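Asker: sequence plus the predicted model coming up.
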Amino acid sequence: MRASGDFRVVVGAGELVRLDCDAPVRVLCEQGALWITSSAAAKDICLSAGLQAQGCQGVVLLEGEGVLRVVQPAASAQQACPRPISLVNCEA
């Protein structure tokens, strides 16, 4: 299922969340602290509450604990990024 607008992802302790984003998205950490790895970026991104990053694209992995808001470009909102497709328990 493709997202039709902005959405939030809640990442719990010990979880790894994967997003597949066809177009660049902006991500905003609303709560907690998150480590973001994007296949389109040269470096990983660490965000704490109130910080944001632009241009996450491709396979995007989220780790840490917090709430991330994914903001999709208006022109391609229906094609940019589906909702999270997988959660992995890293403590198991």
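Answerer: Done, it's in.

Asker: go ahead and confirm G64 touches W35.
Answerer: Yes: between G64 and W35 there is a contact under C-beta atoms under 8 Å: 5.1 Å. (Glycine included, C-beta is placed from N, CA and C.)

Asker: compare these two (neighbour count), which wins?
Answerer: Higher neighbour count among G64 and W35: G64, with 20 against 14, using other C-beta atoms under 10 Å.

Asker: report the secondary structure state of that one.
Answerer: Using DSSP: H, G, I helix; E, B strand; the rest coil, the secondary structure recorded for G64 is strand.

Asker: list the residues that contact it.
Answerer: Counting by C-beta atoms under 8 Å, 6 or more residues apart in numbering, G64 makes contact with V11, G32, A33, L34, W35.

Asker: so what's it bridging to?
Answerer: Here G64 shows beta-bridge partners L34, assigned using DSSP bridges.

Asker: for the chain, which segments are assigned as strands?
Answerer: Using DSSP state E, the strands of the chain run over 7-11, 15-38, 45-48, 52-71, 86-89.

Asker: which one of these has the lowest average pLDDT?
Answerer: Mean pLDDT is lowest for strand 86-89 among those, at a mean of 47.

Asker: what sits against G50?
Answerer: C29, E30.
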